[in-house]
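1. Sharing a model that was predicted from the sequence below.
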Amino acid sequence: MPLVDKFGRQITDVRVSVTDRCNFRCVYCRSANPENHMPSRDLLEWEEYERLVRLLIGMGIRKVRVTGGEPLVRPGIEDFIARVKALGAADVSMTTNAYLLAERCKRLAAAGMDRINISLDSLDRDKFERVTRTRTFDQVIAGIDAAQASRLRPVKVNAVLVRGLNDDEVEAFAAFARDRDLIMRFIEFMPLDADRVWTRDLVVPAAEVYQRIAARWPLVPVAHERSETARKYRFADGRGEIGLIASVTEPFCGACSRIRLTADGKLRTCLFSREDHDLKPFLRGGASDDELSEAIVSIVMNKEPGHRINQPDFVAPSRTMVSIGG
Ligand code: SAM
Ligand code: SF4
């Protein structure tokens with residue numbers, strides 16, 4: 001049973017959120033005020049994740065990205081990654097804030113993880129601490145160092161640009177990619193923040209980022225798969241790469257190959273879905289693998305054509321990024 005939606009898009013990637021907990025409070029993601037976490041009894045157990053991933057791989061999923069919340073705060077993540085690899089996932093990756101990465105990187109690589117994406121929204125310590133509302137800059141840089149020294153390189157570093165906050169650092173981030181020979185990815189701010197501060201004016205368009213970097217260092221396009229979120233460029237004169245993720249200004253929904261599984265067992269066919277689909281009643285109610293697979297196939301069939309951020313009647317989903325899994 002391959003996973004194909006009614007528009008003919010084949011689903012090959014799943015983002016698996018393993019927790020809604022996080023040790024940071026990034027301004028564009030979580031709230032400064034304590035939020036309610038999902039009740040522990042609602043969180044999927046590792047065995048439940050494993051069963052779902054096994055079925056999804058049987059339906060053609062090739063890429064599994066572990067995310068959250070912060071995936072490294074959930075004990076047992078290395079074992080889970082090893083099991084997902086053993087189930088036959090071609091590509092297993094993680095998105096992390098890297099606070100705990102320096103001490104965990106070796107075990108993650110040994111577990112068979114293929115790639116890593118690290119979030120870093122400022123190269124300026126004070127600003128970094130304002131964005132994440134933590135004093136963790138040194139640990140995050142140490143995490144990047146550890147990843148670069150491991151077989152997880154080339155490391156991808158993600159920055160969400162927010163106008164007036166860190167958009168003055170575009171060129172500095174590009175220089176960081178060149179100096180460190182890594183892939184620096186610029187993500188447009190999406191209306192998924194808990195404090196609901198998002199406005200279109202705060203989005204820094206990918207086209208602007210491209211122009212600013214290309215004005216300084218000539219860029220050469222790098223081939224990418226159609227379903228990839230990033231448009232990729234290398235520097236004509238040296239090391240490093242950049243990726244532009246224009247989710248708001250140039251949506252790539254037509255080639256989307258992704259679904260998402262939340263930490264409380266909801267299947268989401270889009271980041272911006274207005275509803276999600278609870279798989280827990282199947283997992284905890286004695287459904288057979290066939291019944292579970294059939295449910296997943298029919299949910300995926302109805303994947304929405306695309307997000308509607310640019311439509312006048314757009315309404316942000318009730319779940320925010322930290323409880324979906326980015
Ligand atoms: N805690 C991990 C981290 O920060 O890398 C993984 C989870 S985080 C939700 C996944 C990705 O979503 C990060 O790259 C983060 O920067 C991005 N993100 C969070 N809120 C966002 C927003 N409102 N718009 C765009 N990207 C966002
Ligand atoms: Fe936590 Fe990642 Fe959200 Fe920052 S972006 S608050 S690190 S989940």
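-> Received it, and whenever you're ready, just let me know what you need. Ligands and ions are numbered 1, 2, ... in the order given.
2. drop to CA atoms for contacts and neighbour counts, all remaining ones
-> Will do.
3. does the strand or helix carrying Q211 come close to ligand 1?
-> Element membership for Q211 (DSSP states H and E) is helix 206-216. No. Counting by Cα under 6 Å from any ligand atom, ligand 1 is not contacted by helix 206-216; separation bottoms out at 12.5 Å.
4. Might you report the residue contacts of the residue lying closest to D201 once chain neighbours are set aside?
-> Computed as Cα to Cα, 6 or more residues apart in numbering, the closest residue to D201 that is not its neighbour in sequence is R163, at 7.2 Å. If you count contacts by Cα atoms under 8 Å, 6 or more residues apart in numbering, R163 has them with 201-204.
5. ok so, going back, so which other helices or strands are in contact with the helix holding Q211?
-> Applying 3 or more Cα pairs under 8 Å, 6 or more residues apart in numbering; DSSP states H and E, we find helix 206-216 packed against helix 170-180, strand 183-188, strand 241-245.
6. TSV please, covering these and showing mean neighbour count, mean pLDDT and distance to D276.
-> Formatted as TSV, the helices and strands packed on helix 206-216 follow (neighbours: other Cα atoms under 10 Å; pLDDT from 0 to 100; distance: least, Cα to Cα, whole Å):
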stretch	mean neighbour count	mean pLDDT	distance to D276
helix 170-180	19	98	35
strand 183-188	26	98	24
strand 241-245	24	98	24
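7. closest one to ligand 2 among those?
-> Judged by Cα to the nearest ligand atom, the one of the helices and strands packed on helix 206-216 that comes nearest to ligand 2 is strand 183-188, at 11.6 Å.
8. Which neighbours in the sheet does the closest one have, and how are they oriented?
-> According to DSSP bridges, strand 183-188 forms sheet pairs with strand 156-161 (parallel), strand 241-245 (parallel).
9. ok, is the first one in contact with ligand 2 or not?
-> Think strand 156-161. No. Against ligand 2, strand 156-161 shows no contacts by Cα under 6 Å from any ligand atom, the least distance being 8.8 Å.
10. Taking helix 170-180 as reference, get the angle to that strand.
-> With axes from the mean of the first three to the mean of the last three Cα atoms, to 10 degrees applied, the angle from strand 156-161 to helix 170-180 works out at 170 degrees.
11. Just the mean pLDDT for strand 156-161, thanks.
-> Averaged across strand 156-161, pLDDT comes to 98.
12. quick one, it and helix 206-216 angle?
-> 110 degrees.
13. who touches strand 156-161?
-> By Cα under 8 Å, 6+ apart, strand 156-161 touches 116-122, 167, 182-189, 203-204.
14. If we use 6 Å, what do you get?
-> 117-121, 167, 183-189 (Cα atoms under 6 Å, 6 or more residues apart in numbering).
15. What helix or strand is I57 located in?
-> helix 46-58.
16. Tell me the buried residues in that helix?
-> Neighbour counts using 16 or more other Cα atoms under 10 Å place 48-50, 52-58 of helix 46-58 among the buried residues.
17. Show me the subset of the residues you listed that also lies near ligand 1.
-> Residues of the buried residues of helix 46-58 in contact with ligand 1 (Cα under 6 Å from any ligand atom): none.
18. Model confidence for A287, exactly?
-> 98.
19. The helix or strand F282 falls within: what's the following helix or strand?
-> For F282, the host element (DSSP H and E) is helix 280-284. Using DSSP H and E, the helix or strand that follows helix 280-284 in sequence is helix 289-301.
20. Dump that next one to CSV, restricted to CA.
-> Extracted as CSV, the C-alpha positions of helix 289-301 are listed here (Å, rounded to 0.1, in the frame of the first residue of the first chain):
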residue,chain,number,x,y,z
ASP,A,289,-1.5,-3.7,11.5
ASP,A,290,-3.8,-3.9,8.4
GLU,A,291,-6.4,-1.7,10.1
LEU,A,292,-3.8,0.8,11.2
SER,A,293,-2.3,0.9,7.7
GLU,A,294,-5.7,1.4,6.1
ALA,A,295,-6.4,4.3,8.4
ILE,A,296,-3.1,5.9,7.5
VAL,A,297,-3.7,5.5,3.8
SER,A,298,-7.1,7.1,3.9
ILE,A,299,-5.8,10.0,6.1
VAL,A,300,-3.0,10.6,3.6
MET,A,301,-5.3,10.4,0.6
